[in-house]
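Novice: here is the input, now give the coordinates:
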Amino acid sequence: MCGIFGFVRPRGATAGSAGTAFAEIGHLAMARGTDAAGWATLAHPRRVDWRVVKAPVAFDRLWATRTTRDVEALASARVAMGHTRAASQGAVGRMANCSPMAVGPVLGTHNGDIDADHLAKCFGISRSHLAGETDTEVLLAALGRARAIKVLEAATGRVALVWADRRQPGRLWLARGAWSPLYIGRDDMGTLWWGSAPSWLARAGVSQVLRVPEGTLVAVDLARATFSTQRFRPTARLRDEWAGRFVYAGIGVAEAEQDARGHVHRVRTAMPGQNRTWYISRPTGMPGRQATAVA
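Specialist: Coordinates of the predicted model:
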């Protein structure tokens, strides 16, 4: 469980109070993780020189050590992505395991927990050659090697992430796979915001918060702050079905229940004594569950 958040300001929109709201959201996001924190800013949508600030400390401690240059970069940023970490994989205290994380041409943040070894095997990634031990690093490495939809459908576990690819300036991607919540919306200035909890976006002045459904890839045009969507089929593990209270940290019970009713992921589980994988087409305990065997 982690917190991801950020914004994209469209061309012509004044900076306003986006930087201040971003910092406020960072403090709220500590409800979803205090093992590390960080943010990355981009001054112009057609550039790829992201400025990254991160450390293996809670957001409030990192923010307390901010420099004048950090504040100016955030205030003038056209794009900013933030992260608060609750460690699930990888040692706490290592900078290599902090986000935003750069892996090859890809820079991103991730909220969730996936089967990293499985994903590494799917895309020929040697984990011994990576800088850290997180599933985030494997996920970003895979996105640097293959189409996003292919990677997202191969990822097994809880997934919500945001990333940019230096080979494709002017674009940003948001995706929600199984479980991990993600919300988007616009403020009065036309700035596009995203976050792991709807209340964070309300703090940024977003009047209509939209829940990103499971299995959605969002492609954002950074110059216009417009977006298009594409659907995919997400897959969770059986143990993820008992992770609800962690997944929805910082989110009200009513919203969590409404979100869970809209789940579309399938559940992957190895059946005892059988050399095959089974997929359950709806989450455990949800109406209409069906199972089919896949060799």
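Novice: so which bits of stretch 107-127 are buried?
Specialist: 107-116, 119-120, 122-123, 125 (16 or more other Cβ atoms under 10 Å). Backbone N, C-alpha and C define where each C-beta goes, glycine included.
Novice: now, those residues that are in strands?
Specialist: Counting by DSSP state E, the buried residues of stretch 107-127 place 107-114 in strands.
Novice: pull the most distant pair out of the residues you listed.
Specialist: 107 and 113 (20.4 Å; Cβ to Cβ).
Novice: which residues are in contact with the residue nearest to residue 58 when sequence neighbours are not counted?
Specialist: Leaving aside its sequence neighbours, residue 58 sits nearest to residue 34 (Cβ to Cβ, 6 or more residues apart in numbering; 3.9 Å). Contact analysis of residue 34 by Cβ atoms under 8 Å, 6 or more residues apart in numbering lists 58-59, 84-86.
Novice: with distance to residue 39, secondary structure and pLDDT added, can I get those in TSV?
Specialist: Output for these, formatted as TSV (distance: Cβ to Cβ, whole Å; DSSP: H, G, I helix; E, B strand; the rest coil; pLDDT from 0 to 100):
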residue	distance to residue 39	secondary structure	pLDDT
58	13	coil	98
59	9	helix	98
84	10	strand	98
85	12	strand	97
86	17	coil	95
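Novice: pick out the most distant pair among those residues.
Specialist: Every pair of the contacts of residue 34 checked by Cβ to Cβ; the farthest is 59 and 86, at 11.9 Å.
Novice: who has more neighbours, the two?
Specialist: residue 59 (26 against 19; other Cβ atoms under 10 Å).
Novice: excluding sequence neighbours, find me the nearest residue to that one.
Specialist: Going by Cβ to Cβ, 6+ apart, residue 59 has residue 37 as its nearest residue, at 3.8 Å.
Novice: that neighbour and residue 62 touch, don't they?
Specialist: Yes: at 4.8 Å, residue 37 counts as touching residue 62 under the criterion of Cβ atoms under 8 Å.
Novice: thank you, goodbye.
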